[in-house]
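Novice: Sequence first, predicted model second:
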Amino acid sequence: MSGTFLGMPSLPVFGIGNLHEHEPFPKAAHRELGNTQLRANLGHATRTIRNKRLAVVSELPDWEELREAGRAIKESVMARLPELLEQFEANFTARGGTIHWARDAGEANRIVAALIRDQGADEVVKVKSMATQEIGLNEYLEEQGIAAFETDLAELIVQLDHDKPSHILVPAIHKNRSQVRDIFLREIEGVDPDLTDEPARLAAAARAHLRRKFLSAKVAVSGANFALADSGTLAVVESEGNGRMCLTLPETLITVMGVEKLLPAWEDLEVFMQLLPRSSTGERMNPYTSLWTGVTPDDGPQNVHLVLLDNGRSAALADEMGRSALHCIRCSACMNVCPVYERTGGHAYGSTYPGPIGAILSPLLTGITAEENNSLPYASSLCGACYDACPVKINIPDILVHLRGEDVDSKRGKGGKRGRERLPSQMDLGMKAASWALSSGKNLGLVEKGLPLGRLAAGPDRKITKLPGIAAGWTQSRDIPAPPAQSFRQWWDKEHQAQAAPTAPTGTEAAGTGDAGTGSAGTEENP
Amino acid sequence: MRIALFATCIVDAMYPGTARATVSILERLGHEVIFPAGQACCGQMHVNSGYFKEALPVVANHVKAFEADEYDVAVAPSGSCVASVKHQHPMIARRCGDTGLEARAAAVGHKTYELSQLLVDVLGVTDAAAQLGSYFPHRITYHPSCHGMRLLRLGDRQLGLLRSVGGIELAELPEAEQCCGFGGTFSMKNADVSSAMLADKTANICGTGADLCAGGDASCLLHIGGGLSRQGSGVTTMHFAEILASTLENPATVTGDVHLTTGRTAR
């Protein structure tokens, strides 16, 4: 603690840590698209999980009602978060747990490291956790001379390879089994040198490695899927059972959880325990659900801590249009249905949170002007598949559009060097011109008088194959057909003037022959 | 019924045949079509690119144009533009602090239908061959655009209408519900990802052996058609309105590098 009182922190407090793009999304995506192994693995994996999810979701007659219940519960939590947090704190503390409040990633990391040091430990086992990745806990602990061992199989693979997760549920989705074998042979001490890439043998090698850690570790670090305010209970939902080992074997358990994970009451779990496994792994039920309420004397960890993390969540909550992003239960269904994520993978998003939810959550937590996070809301064709898949009905496309508006507005009239006004971009100028052209029928009619020029530009093969500036992105893979000789508006005006005259040609029956060349074809003059 | 046509800017300027086909279909059913002269664009490009301030005059113009005439319903041959009119216009007015415009935009949106919605739900068209004389003896496939599918929940309305066209052969498109990668300015800002999505879409289309891919949104068809053209695939795109408007006497045609085979003969 510094001895100088610097006053109240300025608001809002934005999130820091692993929440940033380090380069604009299109640039990162360009690189990842070139990785054919990644694209093949991702395409296969997302398609498999997508179909499994669809199958288990469609067998529930009340799936839409469950989604609506999930949304409503989360909305009520966000509406009375301070009150529920205090209720949770009182219950958790009464049952022997200790609560720590962390404003941001830096505070949370320092709290966790101090708690580990208090136990005289220099290594910890970890349950898979998004919150600790968000705050960069492993890296911080390493700097402090504390080794953190990931125990989730996929997290272990990624950690052993000194890589970053690319998916929140299946962090090693970008690696195949022969790559995993190579990593194990290289990184696990004493591993069988004849290890094959058979999944069962790979799992056995990981199990032997982890068992040693489980039995020796004095401290475990976890995240939490849910916290129940009415009882002070924490919950972890997992598949492998490694989490259960971490949550029960060590003497000390430190949990790091974002404040938005709260649920009001025990019975709310009924809704979320149906929504989460079906949406994430495509299972009716997950194999292991661990719940703990403070300390149970002589059973399990005797020192139980919870670090409640803000790290930009209050800032996101203050955004009326964006706050429902905090409803997210980290199921990853949006990623598995996203055509952009399926092709770029998670690393292209920079942040711990990739895919559609990451494209809104990261800039909401950090503020839209942070580093390159203003490129994330544009990483979507707004196809809407994510909204349909989301178990708590987060309207991701609407929030993406909202954040695009924030980005555009944040650049208006500022951002230039030496306090000068930023020069308008090509996009700014184009949008301004289009706003004029498209805000009256007269203006658009005037612009359409230029259609013959487009026909001229298209030339004898009747297609435009190269455009300059930002439009070059279009012609890198698509032609534009030659425009028609006259617009619909021009045809309509002529037709209706002509109809008034006695020699009018027949009406609109020949419509189909007009300019049917929607594809490569231009078309002939209108009749 | 007196029906106000919202042509949409892209159809007006690039694909007038789609709007003329829409007029033709509605007139065949005995309805009067009017074209509110003040109309221009729904403003979706501005909204989806984050330029809300620039979108406001476009939205205000649309509302004004569709308040100027008396009519029963408005129709547009586009799922995306109708979704914008219904969902985005009130939002833009609200964000820009114009509550009067918000209410007026909602009223216009309430009266606006996508073409297949109007044909199936309001006008009771179930058999295009019998009710419209639709005839199109070609093998086609069909791409359901995202906004029609997910924002308007059009379901199989467009596909059902196409199935009922005389002489038509419909090949099912694998992974049909996957986005084509257009996404407005997404296709330029994230051109690489967009192109990768398009490549999968066009490969699926070409795999069906159809000469033509039908759809309900000119913008997506411009995108898909542009890719098919660049690849020299010999396959083109066409709006479903033009297929419904096509008759034995006045068949819809395409020009350029594409030749439609006739009858039940796959390429």
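Specialist: That came in fine, so what should we check first?
Novice: quick one: buried residues of stretch A:431-443?
Specialist: Going by neighbour count (16 or more other CB atoms under 10 Å in any protein chain shown), the buried part of stretch A:431-443 is A:431, A:434-435, A:437-441. Just so you know, the C-beta spots here come from the backbone N, C-alpha and C atoms, and that holds for glycine as well.
Novice: ranges for the strands of the chain?
Specialist: Because you didn't say which chain, this covers chain A. A:98-102, A:123-126, A:147-150, A:219-222, A:226-228, A:233-238, A:252-258, A:262-263, A:288-292, A:303-309, A:463-464, A:480-481 (DSSP state E).
Novice: Can you look at chain B instead?
Specialist: Under DSSP E, chain B gives strands at B:2-5, B:32-34, B:73-76, B:112-114, B:139-142, B:169-171, B:212-215, B:236-239.
Novice: For residue A:329, find the nearest of the ones you listed.
Specialist: Of all the strands of chain B, strand B:112-114 sits nearest to residue A:329, with 33.7 Å by CB to CB.
Novice: quick check: mean pLDDT across that closest one?
Specialist: Strand B:112-114 shows a mean pLDDT of 98.
Novice: ok, residue 169 - how many residues close by?
Specialist: If you meant another chain, say so; for now it's chain A. Here the count is done by other CB atoms under 10 Å in any protein chain shown, and residue A:169 has 20 residues near it.
Novice: That was the other one, I meant chain B.
Specialist: 18.
Novice: Tell me how chain A divides into domains.
Specialist: A:70-315, A:450-506 (automatic domain parsing).
Novice: which of these has the lowest average pLDDT?
Specialist: Looking at these, the weakest mean confidence is domain A:450-506, a mean of 85.
Novice: and it with chain B, contact?
Specialist: Yes - if you take CB under 8 Å from any CB of the partner chain as the test, domain A:450-506 does meet chain B, through A:451, A:462-463, A:465, A:470-471, A:473-474, A:476-481, A:483-484, A:486-489, A:491-492.
Novice: my guess is residue B:247 contacts residue B:133, does it?
Specialist: Yes - at 4.8 Å, residue B:247 counts as touching residue B:133 under the criterion of CB atoms under 8 Å.
Novice: between these two, who's got more neighbours?
Specialist: A count of neighbours by other CB under 10 Å puts residue B:247 above the other of residue B:247 and residue B:133, at 21 against 18.
Novice: sorry, back to before: of all the strands of chain B, which one is nearest residue A:312?
Specialist: Closest approach to residue A:312 among the strands of chain B (CB to CB): strand B:112-114, 39.4 Å.
Novice: helices or strands next to the closest one in the packing?
Specialist: strand B:73-76, helix B:79-83 (3 or more CB pairs under 8 Å, 6 or more residues apart in numbering or on different chains; DSSP states H and E).
Novice: Around residue 59, how many other residues sit close by?
Specialist: I went with chain A, as the question did not name one. 10.
Novice: nope, chain B
Specialist: As a burial measure, residue B:59 scores 32 neighbours (other CB under 10 Å).
Novice: Do I have it right that it meets residue B:90?
Specialist: No - in this structure, residue B:59 is not within contact of residue B:90 by CB under 8 Å, at 9.1 Å.
Novice: what about the residue positioned nearest the centre of chain A, distance to chain B?
Specialist: For chain A, the residue nearest the mean C-alpha position is residue A:358 (2.2 Å; CA atoms, centre = their mean). To chain B, residue A:358 is 15 Å away according to CB to the nearest CB, to the nearest Å.
Novice: ok, that residue - contacts?
Specialist: Contacts for residue A:358 (CB atoms under 8 Å, 6 or more residues apart in numbering or on different chains) come out as A:346, A:349, A:351-352, A:376.
Novice: How about residue B:239?
Specialist: Residues in contact with residue B:239 (CB under 8 Å, 6+ apart) are A:518, B:11, B:15, B:17-18, B:21, B:77, B:214-216, B:218, B:221.
Novice: got those as TSV, with distance to residue A:316 columns?
Specialist: Putting the contacts of residue B:239 into TSV (distance: CB to CB, whole Å) gives the following:
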residue	distance to residue A:316
A:518	43
B:11	40
B:15	42
B:17	47
B:18	42
B:21	47
B:77	39
B:214	42
B:215	37
B:216	36
B:218	37
B:221	38
